[in-house]
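following is a predicted model, sequence given first.
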Amino acid sequence: MTDSDAPADASVADADADEAVDADADTDEPAGGDTDGTDATPAPDVLDTARALLATGPLCDHCLGRPFAEHSFGLGNHERGRGLRVAVALADDDDFQPGAAGDCWVCEGVFERVDELAERAADAVADYEFSTYQVGTRVPPLAEENDRLLREDAGMDPDAGEPLRKELNREVGKRVGQVTGAEVDFERPHVQFLLDVDADRVEATVNSAHVYGRYRKLERDIPQTEWPCSDCRGSGRQGREPCDTCDGSGYLYPESVEQLTAPVVEDVMEGVDSTFHGAGREDVDALMLGTGRPFVIEVDEPRRRAVDAERLEADINAFAEGKVEVEGLRLCEHTMVERVKELNATKRYRAQVEFGADLSADDLADALADLDGATIEQYTPNRVDHRRAAKTRTRVAHEVTGELEDPRHATVEVHGAGGLYIKELISGDEGRTEPSLAGLLGVDSEVTALDVLAVEGRDEPFEHSGFFLKDGRADGDGGETGGDDDSDDGNGDEQ
């Protein structure tokens, strides 16, 4: 967004043009360490250099003081400049001449615009809730060249002090904080400003908000995310006629976990779009029960961030009408998206299994004992080989138990590593999975119903406190996450 009609072709992250500086810093510390700043009499060489700078033309106090940014602690550049101006006048017994301000040949009066730029930045996000920000500036190339020539003409090192852009960032940044009451954040601010002085444009980028939780899927045949129709590619039409495959809807399934949850969060936060991120996904025909599956909903350009998580949870559950339930909603860091996708996890499943011949309880018990703790090799399953790399994946079945219901039916529970294909563990998938229950029994075995009972971090829980926000800010160190080289969840029908 911008407060000007000029094209928004700049970016806060443009390292060649923009520089983000700590808006809370009053000044730069001297290179040689802290001083108390009490020496009121500049050294002779400093006075000589100040005279040389003043001789180049009219200067504001900022531009006079900036080449000495490494001198004295606790002063702003404008204070340094005024102090030097006074010291030179006293030493030379000349009349005092105030800083040139608007007539400064170096910055062309840009520091007189600090309040204006800060007010325009605040106005650009007046309708948005935020508590952290970052400021970057783009100054006219001529002003940056003048800043270099100032030092050159005075016989100074061209890198002495600090660049004009760095000081402008700091001064405007401090003022933005005063106007908005927000705090500077260099990692992931709620709002980023780019102040293009040359184009007279103020741009604001509102970063996404994120909500973490766990969901249970209580009805079958609901995918996790929107599943566009493959025949019409989501258009809902085949030529001039509605698509027969999806009845013109554009989707293979009318609802998804995403469609039953994300729109509610987007609406409450008054965002412009939303994205659903899950910790893997269950088969379309599987239930997600127990403690639920971790997820993050990312909301783009939210106007509201301070939401009531308990009320949001209730709103989602009412909207989903018993098809999906969510719990444990919390505002979280953007890094939680990577965590839910990459954290090493284990899964617990319950499968209803049908056999092609009669079995005894001992037959089943012996086969399950062989699978319990076994390392399973699975070549890409037939049902997903059109969208998964053709390779062999090795996963561990940590625990496998079961009970025979009748000679042809059993309930089997599996605690397995993330990425273990459960249906194929049972069926063998025409020899692509070894060992398998069917192979050990020597009898055709098929999963007729699959439920996911738990999705938990293998070494640590998903709910690490460092990834959650407190009063809109990070609660602690988010740390790092690590995942398997193969990012397949392997639970089944991944879209």
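In hand now; what should we look at?

where's residue 303 relative to residue 183, distance?
20 Å (C-beta to C-beta, to the nearest Å). C-beta coordinates here come from the backbone N, C-alpha and C atoms, glycine included.

which residues touch residue 239?
By C-beta atoms under 8 Å, 6 or more residues apart in numbering, no residues touch residue 239.

in the stretch 201-350 of the chain, which spans are strands?
201-206, 209-217, 237-238, 241-242, 273-278, 287-300, 324-332, 345-355 (DSSP state E, counting those that start in this stretch).

just the ones you listed: most buried one?
strand 209-217 (a mean of 24; mean count of other C-beta atoms under 10 Å).

partner strands of that one, with direction?
Using DSSP bridges, the strands paired with strand 209-217 in its sheet are strand 287-300 (antiparallel), strand 324-332 (antiparallel).

and of the ones you listed, who's closest to residue 76?
Proximity of these to residue 76 was assessed by C-beta to C-beta; the nearest stretch is strand 324-332, lying at 36.4 Å.

state the pLDDT value of the most centrally placed residue in the chain.
Closest residue to the average C-alpha location of the chain: residue 334 at 3.0 Å, with C-alpha atoms, centre = their mean. pLDDT, residue 334: 94.

okay, now the unreliable bits of the stretch 351-495 of the chain?
Per-residue confidence for the stretch 351-495 of the chain (pLDDT under 70) gives these ranges: 471-495.

show me where it has helices.
Under the criterion DSSP state H, counting those that start in this stretch, helices of the stretch 351-495 of the chain are mapped to 361-371, 422-427, 437-441.

closest one to residue 450 among these?
Proximity to residue 450 (C-beta to C-beta) singles out helix 422-427 among the helices of the stretch 351-495 of the chain, at 6.3 Å.

which helices and strands sit right next to the closest one?
Applying 3 or more C-beta pairs under 8 Å, 6 or more residues apart in numbering; DSSP states H and E, one finds that helix 422-427 contacts strand 345-355, strand 375-379, strand 409-417, strand 433-434, helix 437-441, strand 445-457.

just after whichever helix or strand residue 133 is part of, pick out the following helix or strand.
Assigned by DSSP states H and E, residue 133 belongs to strand 132-138. Later in the chain than strand 132-138, the nearest helix or strand by DSSP H and E is helix 141-153.

now stretch 446-460 - C-alpha only, CSV.
This file holds the C-alpha atoms of stretch 446-460, laid out as CSV (Å, rounded to 0.1, in the frame of the first residue of the first chain):
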residue,chain,number,x,y,z
GLU,A,446,-7.1,-54.6,3.0
VAL,A,447,-7.8,-51.5,5.1
THR,A,448,-11.5,-50.8,5.0
ALA,A,449,-11.4,-47.8,7.3
LEU,A,450,-8.5,-45.8,8.7
ASP,A,451,-8.5,-43.4,11.6
VAL,A,452,-5.5,-41.2,12.7
LEU,A,453,-5.4,-41.1,16.5
ALA,A,454,-2.4,-38.8,17.2
VAL,A,455,0.3,-36.7,15.5
GLU,A,456,3.1,-35.9,17.9
GLY,A,457,6.6,-34.6,17.7
ARG,A,458,9.1,-37.5,17.9
ASP,A,459,11.7,-35.7,20.1
GLU,A,460,9.7,-32.7,21.4
